[in-house]
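Engineer: The amino acid sequence is not available; the structure is as follows:
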Ligand code: FES
């Protein structure tokens, strides 16, 4: 017989209603806390309380609360133990400096660098571990060729652009990825004889069209730095980045320390290899 059941000694003598207790039949004991009185109302029971069961339930409840608090503290300690996410919340406005640390002006760029310049001129933006290549696509003074008023181009001829110097294929960096002036390789893309090429596996990008892909294996364009030219003082500024995230970063603003309010050009010799797929 189940412990909560007992045999009814006589009609209605169990304290429950007569309809629920027939002599000799099993009936379920009323709640240990309350039972139904003779008038059909709930009355406090005189049955002994099962202290062992009550204490066990209390123990389970307390253990649940302690477990929940302990789990929360554990998660808090785990969070505090993680390295902080390093980066920026928005794109900074950064003034560009020349190789010698002086203010870089569009006039200097137009005079010293042009579409025939093969040296890699790079500056970091927006993070210190995100180099970008500055390119002037205009022809040399008095010369021809090159390109002006290109996508994202600034300066008096709209020919100064800047792109990430980290390849979108597997992340080879400048000087392995570099601007190839016309004649560096025999390869051409229609009328386009100059391009950005990565010597690691042959990816090629069009600097006149926002570094769109000319050859793989990269399938995404290079991120392009948004440049501003302040004609009032001829200064050049980096104010943002468009396109995909810099290769190796899930977000161009995250994964490194932000640059200061100034970013200086650095010069490198390119690693030239005409390995087009
Ligand atoms: Fe540039 Fe592979 S890393 S083509």
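Structural biologist: Everything's here; your move. None of these values were measured; they are calculated from a predicted model. Residues are numbered from 1 along each chain as shown.

Engineer: Just list whatever residues bridge to the residue in the stretch 1-150 of the chain positioned nearest to the ligand.
Structural biologist: Residue nearest to the ligand within the stretch 1-150 of the chain (CB to the nearest ligand atom): residue 133, separated by 13.4 Å. For every residue, glycine as well, the C-beta is placed using N, CA and C. Residue 133 has these beta-bridge partners by DSSP bridges: residue 122, residue 163.

Engineer: Begin at 27 from now on, thanks
Structural biologist: New numbering, starting at 27: the last item is residue 159.

Engineer: Residue 202 is in contact with that one, correct?
Structural biologist: No - counting by CB atoms under 8 Å, residue 159 sits too far from residue 202 to count as a contact (11.7 Å).

Engineer: Which residue ranges of the stretch 127-276 of the chain form helices?
Structural biologist: 132-138 (DSSP state H, counting those that start in this stretch).

Engineer: what does it put close to the ligand?
Structural biologist: For the stretch 127-276 of the chain, the residues in contact with the ligand (CB under 6 Å from any ligand atom) are 193, 195-198, 203, 224, 226-229, 243-244.

Engineer: still on that earlier bit, who's in contact with the residue of the stretch 27-176 of the chain closest to the ligand?
Structural biologist: 146, 147, 148, 188, 189, 190, 191, 200, 203, 204, 205, 222 (CB atoms under 8 Å, 6 or more residues apart in numbering).

Engineer: so can I have JSON lines of those residues showing distance to residue 123, neighbour count and pLDDT?
Structural biologist: Listed next are the contacts of residue 159 as JSON lines, based on distance: CB to CB, whole Å; neighbours: other CB atoms under 10 Å; pLDDT from 0 to 100:
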{"residue": "146", "distance to residue 123": "16", "neighbour count": "24", "pLDDT": "97"}
{"residue": "147", "distance to residue 123": "12", "neighbour count": "24", "pLDDT": "97"}
{"residue": "148", "distance to residue 123": "12", "neighbour count": "23", "pLDDT": "97"}
{"residue": "188", "distance to residue 123": "14", "neighbour count": "28", "pLDDT": "98"}
{"residue": "189", "distance to residue 123": "19", "neighbour count": "24", "pLDDT": "98"}
{"residue": "190", "distance to residue 123": "19", "neighbour count": "31", "pLDDT": "98"}
{"residue": "191", "distance to residue 123": "17", "neighbour count": "27", "pLDDT": "98"}
{"residue": "200", "distance to residue 123": "18", "neighbour count": "23", "pLDDT": "97"}
{"residue": "203", "distance to residue 123": "23", "neighbour count": "30", "pLDDT": "97"}
{"residue": "204", "distance to residue 123": "21", "neighbour count": "25", "pLDDT": "98"}
{"residue": "205", "distance to residue 123": "20", "neighbour count": "28", "pLDDT": "98"}
{"residue": "222", "distance to residue 123": "23", "neighbour count": "23", "pLDDT": "98"}
